[in-house]
Structures are given as structure tokens and as C-alpha cells.
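>>> Sharing a model prediction with you, sequence too.
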Amino acid sequence: MDEKQNDEQEKQPPPARGPGDSYRVVSDMNLDGRYEKSTLEMTYSELLSRSDGKLQVRLLLDEVEFVLSSEYVGNGVLEAQLNDGRRMALIRYSKTLSERFEEAEHEINKRLGRELSEDEKAQQHADGRAPKEVKLTYRCPNCGYPLDHQGDVCPKCVNVRARMWRILKYLVPYWKQAAVGLLLAFALTALGLAPANILRLLIDGPLDVPTILPQQDTSGLRAADQAELFASKKAYRLARENDVNPSVIDGSGKYRLITKNDIKKYLSHRDRFATAAAQELAYRQLVSYKVIEGTGPRGCITERDVEKYAAEVKELPAAPAARQLAFHLGVDLRAVEPRDADAQITKDDVVEASKAGRHRTVGVLVLALLGVFIVRSVLSFARRYLMGSLGAKVVHDIRSQLYRALQRLSLSFYEREHTGRIMSRVTSDTAELNSFVVSGLPNVIIYILTIIGIGTVMMVFHWKLALLTLLATPLMVVSTIVFARRMRVTYRRVKHKNASLFNVLSESISGVHVVRAFGQEAREVLAFEGKSAEFRQAVMGSVKLQSIFNPMMLLLTSLGMFVIYSYGGHLVVREELKLGVLVMFNAYMIQFYSPVIALAELTGMFQSAAVSAERVFGILDTPSQVADATNAKPLEKTSGSVALENVSFAYEKGETILKNINLDVKPGEIIGLVGQTGSGKSTLVKLVARFYDPTKGRMLLDGRDLREVRLTDLRRHIGMVLQDTFLFTGTLRDNIAYGRPEATDEEVILAARAANAHDFIMDMPDAYDTYTGERGVGLSGGERQRIAIARAILKDPAILILDEATSSVDTATEAMIQGALDHLMKGRTTIAIAHRLSTLKNANRLVVLDKGEIIEMGTHEELLAREGGIYRNLVEIQDLMSSSRVKQATPVT
Amino acid sequence: MGTSLSKGLRLEPRQYSDFSVQTDQVTLRRPEMGKNMRLTVNGKEHEIGRIASVFPISSAMAAVAFFDTEGEEIGVMKQADSLDKESRRVLREELDKAYFMPSIEAIISTEENLAVKTWTVKTDKGARVFEVRDPRRNVRKIGGSRMLVKDVDGNRYEIRNWRALDRGSIAHLMPDM
């Protein structure tokens, strides 16, 4: 829409004022509050507001003092403050364009040469302030899709393919495992296709008993009469073309005439014979191709083979009917045992022999089927195990990389992202990737292979039938997708209504006192019934859909079956297709549909995996903002002199917190930072520790820019005792020695003594081995503070940063902590955010900050003496508040 | 007048409460374009900095609060629609600016894209396209047949009577109700 255009326009640097350089901004509302495209244009002499082409407002720039954007409920307005004191609305805009008009205000004022500061803006708004609204929408800079929070991955813009490749790269070190997995996939697919085929072999093999008709003797017919033997001209032609002697063939058509199919069947065995003559001889001699081992090329049966067999068989005592039957059934007469030892081989004997053979074949095939299932299970297990371990390894790699990245990232990253969100990157996003590698991806491979496999096999057997069967596929896929979407919507509704219902229920239970006290039982019942009815409605919706869905799917599957059996059935009747093939097709059809449907949902899976990957890679790729410069020098010792030179600082896209700070701290000096919340104390301290780099100016240590010092060294010389004492899961000893794990036990105890912590630790049953943290003992605020102090004492840094806790503790603990702090601060350069009166009194110098600037500086007494001084004011307020506290804390004797 | 922490913790009743003043004694005028409104109560004139509707969602005109140019509240006016015609006009003009909430007359189409639904609607202020996320929170029923829709940017729209919408619109609305 217009947004992109305008964004491009506004990104260009503002040109110098002159004729022809105008600034334009487009809005979606007009002054009357209607959705119409409006424009505000600033030429070198005028401000023009147009709506739908018509001019609404026209002001000369000379009349205008400045412009101001104000936010109201549901819209905003850009007004011009005129020199004569009036304020005119120039243009209105919906909340969607808030950011655009904030920039427009800034831009227009810049051109007017009258930029407003934050304070001035606040003042102007005092009378027109709008109620606080929700934060600005963060939109993807690429496609405009509204994101959850700033910096989130845009699911639309995710480059799925690129992410996929990157994920696959993690597989590279385990390529052997992956290759085996792939092989297993192929094997499993082949095994998956086997059962249907075995079924076919069963039906077309041992279970297929051909109809046998008594043989005719047509050898006496002359060539001319032979044409009459054929059922159709085509059959005759086919026989002639292929050198087939009709006298050896039994016709299956009307009046026993030879049909085209008969010829085809005859010809289908021709490749078993070396020559056409050999086949003819075999037929004449009633020698089935099934019983001879051919000696010709590629095992073909030659005339000699036929003659040899015929000679052998001639000797056997067998009735002619038996011989004929043996030929048709493909039974080797030599192997048939006559029932009566000395009698002839009868028809029944031949039938028995054939049955035995067929029993055997059935047995073999069934065993083969069993074997297929067993091997499939084994391979499936192997594959699952393999992919599982592969996935675990890959995810482990990613997770460690991620954790390392997290450790190296600067604090600004942590400020930007919530702890919860960071944690979900490491846990749930990596889990998503894991399931993708373990099941998502391998399954996709199998689906694709299955589809290709089934498609190929079907095409090979009968391409026409195959195409027809597969034709029903797109219909199935589309209907499944449509239904799936509808189902998702209804399920979501059911879930919501359920949640609402549950809400009402839990509220009325937890608020039972209020309900009873105000006698609102009847109302609550009504509300509950209302929600329950809504829930029921939603459930009915999903039930309706489901009751349509399953039968519909069944119907569609039956459609496929209908196609197969109608066309395929015809083919079987016409003997163009064997029954076994038809059954196989049916089985394959069913097997075919599930992977197809699964693949239809494919894009969703790939996309969500890509989104997870993007989030993870996003962190891995974020450069650390506070990093060692290439020329960072080591710092062995430091005297502890810290200086701020013209330092200013602002967080990303925010207000300037510190403005032009100049401070010189001499070694061993104790500086107290004082000021109201938001005055910049914590920020200053973070800059000293180099958690951030100043936006302007320099931070110096011993005269050297902090940026030139190696971070590890810098951190070694700085110790911190912060407000919120964070104790890691571990023993107290571990916590105290966190900065110096190699410290001796004696050092740890000494540090704890100095911090007035030793006594309470010794009061605990486990003393220094007491477990703290997640599954450990909880310590009181005062105790934690002292552990933190001990930690800092043990580290023995040249510079100490102290952020005093504002929480009140009893006087005894207070004294303890004070003593500990005295020990800590002795002889150390200390920068303390001070709250305690004692600290303030002890400090060599107090620095008073207000709105990011140093307002006052001096000792406690000096500042207290100043009339109307900010420090004095603050102390007075504190006294007021703490005096009431002191009264509380005084023990009753 | 009003509450003021700076002058010590004193709480005084409003100078003009709705119990004592009849609306025929109250007029609201905007004497000059671009300048603030003037509220005249019992002959006393106040310059108005801003106004705020006390029940903006349930009943905008039922009670309106008036603030002076310092941001101090002057008082709350009850039943603003019983004012004279000109006052009503001025008030409505100001409220329309401060609370822009078009009324959806028809939902032409909705398109769901991942977690966000794009609505194309016709309102009494013109045609509009907007995106809604998390309908459970942002598409609400208020009162019997009224609904409030909030889009991703914070714009608000109301549906005065969803039952009175055409069938197509109701169908689009159903999944989020």
C-alpha cells in the first residue's frame, strides 16, 4: 500500500529548502473523520492539507510556529500551533500511521527550524493528552506483517529454503549416520511395497486355477480353412504376423474359436522358447514350459529340449487326459506318483501333484510375507533409533552454540528480550528443530519415496489403470486440506469457549466470598449457564463438521475403489489384466493416499521449523556489541582511577539517559551516587563496568579508554554488589568463590568473616556446604547481601560498584551489613548508588544526578548546608519516611 | 478546586457536581476556531483543556469529564445529550476527535494468515482494511448485541448490533465470537 512508498520517501535525507523541494506525507483519514486518502504537503512557503484531492487547510509557513502530533483513542491528529495562539488541525490519521506522523512532526519542525524538545512536547500536550494506549505495532520491515514483538521473526518472510540448508549443515558431521538412515528409508519403502505384490503373486500364482477344456484336434485342416478357426480378423492377422500355428491353440471364444487374447496368451510365453517352432512343438507335444530347463541362450527352451522331455515322458504310463491336464497345469509328469503303484497316472494324480506344488508356493509366499513384516519392524526400529540419536546430537550442537552465543552477547540484548523468550529459544525452538530432524524430515523422505514407488509400480503394470486411479488423488488432497482448515477453526473456538467457561467457574469459586457477601449467586448462575451454552454451541459445530468429515473421506476412498473395480474389472474379464494385479492396485491405492495427504500438510511443518531455525540462528548471528577491539591491551594492575569524559548515553532508540557527564574518581575514593529513580545512576554504573559503551564521550581507567582494555582483564578488576543478589545453585562456598573458584578455603572464610556472614553460615547445619538456589535453602535478604559482599571481598577488585538495597532490614542486620560494607570499601575505589545515611556520610564525595546530569557535588555536610539544594530535599524526605520506620524497628523491651 | 497533591493531601468535593447543576444552566461553545472551548456554568466561564468520556465504551455521552488548561478536572457532566443544540454539536465534534471508533456496517471478507486475520469492512466512516490478532481478547461482546473490535495498531471499531448484520457478515464474524 502507500506505506512502502512513503517509507522510501522519508528515508531520504531532507533536502535544503528551496522552490521545488516539498515534503509530503499521506494519511488514511481526513479531517472530518472519514477514511479517505489525505495528503499533507509542505512546500517552501505553505502547508497544504488535501483530502481526496480537495484542499482542506492552507497555511503560510510564516503563520506557523510549530506542529504537534497528538494521540487520541483510535486516531491521532497533527496540528499546527499558529503565531496568533490558535491551534489548527492539519490532518488526522489512524493509529496505524502513528509512527509515520511522529516522524512527520519531527521533519516539519526541523524544516521550520523549530524542533521541540521532549519537555516542550509534554507541556504542549498537558491539556490535550490522550489516555495511554497500547504500544506501537511492530511490523516486519519487509512485508508489513504485524509481529508479536520487536525483532521477532516474520513467519511470512522466512526464507524457508535457506533455513533448511542451514539446518542440514548441522547434519554434516554425522553424515555416515544420515546416509545409513537414508538407506534404511529406501529399504523400508521397498519393504512397504512388498506385501501388495506378494498378494498379487499369490492370486496370480498358486491360487489361480485355469479352466481346462478338452483339446481339439485340428491338425488335419488345410491352410485355407484355418482362417475359420479364428474369432476375428485381428486374431487371424496377429497369428499370421507372429508365426503362430492355430492348430496348437485351444480357442476360448464362441464355438471354440481362437480369439485375439488366446493368441496374446500364447505369445506371452514365447520368450521362454528359443524359436517359434520350439514353442509350437512344445504345445503339440503337450510339453509345458514350466517343467523344462532350457538349454538355449538365456535358458530358452529349444526344440531339442522339447523332444528330449517328450521322449522321457512318453515312456511313463499316463492316460492321455492326464497328459493334457499335466500340460495345462504345468506339472512335470516325471514327478507324479500314481496312486496305485502299478497303475497309470490318472487325472486325479496329476491334480494332486499340482496341488502339492501350489501348497508349497503358498507356504513360501506366506513366509515371505511374514519375513517382510519382521524385517520391516526391525529396520523401522533401527531407523527410529538412528534418527533419534542423530537428532539428539544435532540439537546438542545447536544448543551449545546457542548457549555460548548467549554468554558472549552484550547486555543490550538481554534488556531487549525477556528472560522467558530467551529461554524458549534455547528450549522449545531447539526442541522443534529436534523433532524436525528426527521425525519430520525422515518421514517426508519416506512419503516421497512411497509415492514414487507406488506410482512407478502401478505404471509398469498397467499405465492406463494407474493414471485413472491416481486421478482421484487431487480431489482427496484438496478436500482434506479444506476440512483440516475448518476443523482447526472449530477446534480453536471450542478451546476458547472451554477456557472462558473454566474462567467463569474458577472465578466464582475463588471469589465465593465476594459472591456471597454481595448476594450475586443468581447472577453467577446465569453467567455460567450462558457460557456453558456457548460452549455447547461450539462443540456442536465441531461435531457437525466431524460427522461430515469421516464419511466424506470414506466416500472419496471408495471413489478410487470404484474406478479401479469398474475399469479394472472390465480389463480382467477381457483377460487383459490378471486379477492379482487388480487386487494389488487396490491395496496400493489405499497405501498411496496417506502419504499424499500427509505431504499436503508439509508446507506448514517446514515453515514452523524454518521459523524456529530463524529465531535460533538470529541469536547465533547477533554480533556482540561490547567486544574486544582488535588492539585491546591487557591490564595487569590498576590503581583504580576511573574517569568519565563528556559521557552521554542513550539505550537503543530511546531517550538520552546520561547527558555530558564529567567525573574524575581518584584511587581509593568512595563516591556516592544520589538521585531519584531514572536519574541515571544505574546506567552510569553499568558504563563503568563496560556493560555498555557510551554513545558519546569516553570512559577511562587509569587514563586509558575502556574500549582499549581487554574485557577479561577489566572485569577482573571490577567487583559488583548489586541490589538483587543472585545466588547460583550450589553451595555457599561456591557462591562466595564464584569470581575466584581457585580460592582456598581459608580465603573464603576470611572473606565471609569480613562480610559478617561467617556467623550466620556457621549457625546453619551444613555451614559452607549449604545448598542454595533452585532446590536449596532460601536466605533472607540481609543474608544474601552479605554473601554478595563476601563474594566481592574475595575477588578483591581494585574498583567496586555498589548498588545498595533499598529494602528495609532490622537494625541488627543493618549494622551487620554496614560493617561488612565498611570492610569491603576500605581502600577501594568505590562507586556506590547510595541509599543508606551511613554510606552517604562516609563517602568522600557525593554526586547528585538529576535527569542524567550532575547537579551537585560535595560531601554530605557540604550539600546538606545548601539552602534549597536537591540533596537536602532528598534527605529530608528520606528522614520523614525513615523516622516512621525507626519507630517500628525499635524493639519492645 | 479538585484534588491536588502539591497543595497537601486535601480532597475537596467537585465544585460542580451533577446534583446541583441543571444542564440548561450549562453551555459549551467554541468561540474561535483553533482556540480552546469555553464551558459556561451558572454564568462562570472556564477554558477547557481537554474532555474525556467517563464511559467511552458503554455509553459515551452519558457522562463527560471536563479538564482545564492545567489538566485539573473541573467536573463531570451527566446526560450530555440534554444540552442545547450548539453545545451538543461542539461536544460531539470534540468527542469524535478524541474517540474515533467507526461502526462496522458490513464485513466484506476475512482472510486468515498465520495468527493474524485481515478484515475488509465497510464502516460508517468509509471502507477499511485492518488486521486483528488474538480474537479472544480483541473481538469482544459488550452488552446484548454490541461488539468491539481492536486491530493490531490499536484502532477500534464497533459493531452496534451484530444480529442486524447481513448473513455474509455474520458468517465472517462467527469464528471469532
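Sure thing, it's come through.
>>> Three-state assignment for the residue lying closest to residue A:574 once chain neighbours are set aside, please.
The shortest distance from residue A:574 to any non-neighbouring residue, by Cβ to Cβ, 6 or more residues apart in numbering or on different chains, is to residue A:261 (7.2 Å). Heads up, the C-betas are built off the backbone N, CA and C, glycines and all. Per DSSP: H, G, I helix; E, B strand; the rest coil, the local secondary structure of residue A:261 is helix.
>>> Please verify my assumption that residue A:261 contacts residue A:577.
No - if you go by Cβ atoms under 8 Å, residue A:261 and residue A:577 don't touch, sitting 11.2 Å apart.
>>> neighbour count winner among the two?
Using other Cβ atoms under 10 Å in any protein chain shown as the criterion, residue A:261 and residue A:577 rank with residue A:577 on top: 20 against 15.
>>> mind listing what the more buried one touches?
A:462, A:465, A:568, A:571 (Cβ atoms under 8 Å, 6 or more residues apart in numbering or on different chains).
>>> Just confirm it is within a helix.
No - according to three-state DSSP, residue A:577 belongs to no helix; its state is coil.
>>> Check what pLDDT it gets.
Here the pLDDT value assigned to residue A:577 is 83.
>>> Check the gap between it and residue A:571 for me.
Applying Cβ to Cβ, to the nearest Å, the value for residue A:577 to residue A:571 is 4 Å.
>>> who's in contact with residue A:259?
Residues near residue A:259 by Cβ under 8 Å, 6+ apart: A:230-232, A:235, A:251-253.
>>> er, residue A:668 I mean
Taking Cβ under 8 Å, 6+ apart, we find residue A:668 in contact with A:640, A:827-829.
>>> Pull up the overlap in contacts between residue A:577 and residue A:571.
Residues touching both residue A:577 and residue A:571 (Cβ under 8 Å, 6+ apart): A:462, A:465.
>>> where does the stretch 301-450 of chain A have low pLDDT?
Applying pLDDT under 70 to the stretch 301-450 of chain A flags residues A:341-342, A:415-419.
>>> Run through the neighbouring helices and strands of the longest helix along chain B.
With secondary structure taken from DSSP state H, chain B has its longest helix at helix B:85-98. When contacts are defined as 3 or more Cβ pairs under 8 Å, 6 or more residues apart in numbering or on different chains; DSSP states H and E, helix B:85-98 sits against strand B:26-29, strand B:44-53.
>>> Could you list the buried residues of the following helix or strand past the shortest one?
It refers to strand B:26-29. Next helix or strand after strand B:26-29 toward the C-terminus (DSSP states H and E): strand B:37-41. Across strand B:37-41, burial judged by 16 or more other Cβ atoms under 10 Å in any protein chain shown covers B:37-39, B:41.
>>> same deal with stretch A:73-85?
Residues A:73-82 are the ones in stretch A:73-85 that count as buried (16+ other Cβ under 10 Å).
>>> Relative to residue B:139, which of these is nearest.
Nearest to residue B:139 among the buried residues of stretch A:73-85: residue A:74, at 15.8 Å, using Cβ to Cβ.
>>> what residue ranges in the stretch 751-893 of chain A are flagged as low confidence?
For the stretch 751-893 of chain A, the ranges with pLDDT under 70 are A:773-777, A:805-808, A:878-893.
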